[in-house]
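*Asks:* Below is the structure, and that's it, no one-letter string:
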């Protein structure tokens, strides 16, 4: 099974390349492998941070309590549900 590959070209300052090269050598990898691994790790962390909701213990307890003990619908919500139903959206 063939794996397709894409190429990324970029220009960086020489001192930055030297830094990356030294780090790659210290980890026993080549420059490309080091940059790909480091960038992939950072990309996964950014995605996780953006897609994960972190709640404090207090906020978690409030959220779980709201799920376990939902409020009764107020008159505006009841009217909205009735209007929605009358338009036939809930019928199959």
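*Replies:* Sure thing, it's come through. Quantities reported herein were computed from a predicted structural model and do not represent experimental measurements.

*Asks:* helices and strands around the helix or strand hosting residue 41, which ones?
*Replies:* Using DSSP states H and E, residue 41 sits in helix 31-51. When contacts are defined as 3 or more Cβ pairs under 8 Å, 6 or more residues apart in numbering; DSSP states H and E, helix 31-51 packs onto helix 14-26. Heads up, the C-betas are built off the backbone N, CA and C, glycines and all.

*Asks:* quick one: average pLDDT of the helix it packs on?
*Replies:* Helix 14-26 shows a mean pLDDT of 98.

*Asks:* What of stretch 53-72?
*Replies:* Mean predicted lDDT for stretch 53-72 stands at 94.

*Asks:* Now tell me what touches it from outside.
*Replies:* Stretch 53-72 is contacted by no other residue when judged by Cβ atoms under 8 Å, 6 or more residues apart in numbering.
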